[in-house]
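all I have is the shape, not the residue letters:
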């Protein structure tokens, strides 16, 4: 099987050290996991090739979608790592699907649901304890009811902590909303929940999902917004088993979520689901080093054979943090 790995940040040569550190780390992880397979990976013309010799670098010339139009049919499958914002991930996956090439991940329909956080909320609210979410149209902000307590404002199609703000009043809401970069006519408001920021990494075959680990998210609050700085895999917490049950139920509630899936949540007095990421997330980089099997192979098995790992053992703990354009990993135990 001929595979293309498309990691968006490194393929496009996006000059953002924070995004680059995560993108490069995820790309390197997959290339190592796939080292015994026939794999190409896209890399920007003005960037050096990945720091390994496992797979075949292909320099991206011209526009990405034009390159895919001309070349994607040379591959049997494609693994796409890309942000949901502006529906970038959806557009790429949908285009590749229409070319008849397999996706090593979630379907475009599932990606669409998870890319619009309000649509995702509507899909999940009857099945899991997801944080109450409101859709607010920019044109209707003046008529929004005043409030004087903490709430979370974020773009409905955002990624990670980009554009996320804690607001305490209608005035702060309007100011934060003016800073949002989105093509959608609305944003979302969520209740603010005190607790530990966490995520669950899972593998799904489209009908059943298996939780792999509970992870800590290192998130800092400031006047400028919220920043994601890294995390720890795994996280030991009294709500660990409940968190995994909630994540499993959420992933199995949306048709087309396949391969690796990440579920963000807040662990307070109980589990509060925040959102589902229908793509590879940063904890993959640490998790692949701790598991008792090759995570890349397991993802392929879930997609093409419907097989899921039966025995999951994690050996030790790894913390990771962003240092300029590098994701630093440290094995704790």
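In hand now; what should we look at? This is a predicted model, so every value here is computed, not measured.

which residues touch the nearest residue to residue 253 once chain neighbours are set aside?
Distances taken as Cβ to Cβ, 6 or more residues apart in numbering put residue 127 closest to residue 253, at 4.6 Å, once the chain neighbours are dropped. Glycine gets a C-beta too; all of them are placed from N, C-alpha and C. By Cβ atoms under 8 Å, 6 or more residues apart in numbering, the contact list for residue 127 reads 249-250, 253.

remind me which residues of the stretch 151-300 of the chain are low pLDDT?
Residues of the stretch 151-300 of the chain that meet the criterion pLDDT under 70 lie in 160-161, 222-225.

now the strands: where do they sit in it?
151-155, 165-167, 186-191, 196-205, 209-222, 225-233, 258-267, 271-277 (DSSP state E, counting those that start in this stretch).

let's have those strands in JSON lines, adding distance to residue 138 and mean neighbour count.
Output for these, formatted as JSON lines (distance: least, Cβ to Cβ, whole Å; neighbours: other Cβ atoms under 10 Å):
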{"stretch": "strand 151-155", "distance to residue 138": "11", "mean neighbour count": "21"}
{"stretch": "strand 165-167", "distance to residue 138": "15", "mean neighbour count": "20"}
{"stretch": "strand 186-191", "distance to residue 138": "7", "mean neighbour count": "20"}
{"stretch": "strand 196-205", "distance to residue 138": "27", "mean neighbour count": "24"}
{"stretch": "strand 209-222", "distance to residue 138": "24", "mean neighbour count": "19"}
{"stretch": "strand 225-233", "distance to residue 138": "18", "mean neighbour count": "20"}
{"stretch": "strand 258-267", "distance to residue 138": "25", "mean neighbour count": "24"}
{"stretch": "strand 271-277", "distance to residue 138": "21", "mean neighbour count": "24"}
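
ok, which of the ones you listed comes nearest residue 318?
strand 225-233 (5.5 Å; Cβ to Cβ).

can you give me the angle the closest one makes with strand 151-155?
Here strand 225-233 runs at an angle of 90 degrees relative to strand 151-155 (axes from the mean of the first three to the mean of the last three Cα atoms, to 10 degrees).

export the strands of the stretch 151-300 of the chain as JSON lines, with columns for distance to residue 27.
Below are the strands of the stretch 151-300 of the chain laid out as JSON lines (distance: least, Cβ to Cβ, whole Å):
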{"stretch": "strand 151-155", "distance to residue 27": "25"}
{"stretch": "strand 165-167", "distance to residue 27": "30"}
{"stretch": "strand 186-191", "distance to residue 27": "30"}
{"stretch": "strand 196-205", "distance to residue 27": "18"}
{"stretch": "strand 209-222", "distance to residue 27": "20"}
{"stretch": "strand 225-233", "distance to residue 27": "17"}
{"stretch": "strand 258-267", "distance to residue 27": "14"}
{"stretch": "strand 271-277", "distance to residue 27": "17"}
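
these two touch, right, residue 210 and residue 312?
Yes. The pair residue 210 / residue 312 is scored as a contact, 7.2 Å apart, by Cβ atoms under 8 Å.

packing partners for the helix or strand where residue 114 lies?
According to DSSP states H and E, residue 114 maps onto helix 108-115. Helices and strands touching helix 108-115, by 3 or more Cβ pairs under 8 Å, 6 or more residues apart in numbering; DSSP states H and E, are helix 88-98, helix 117-124, strand 271-277.
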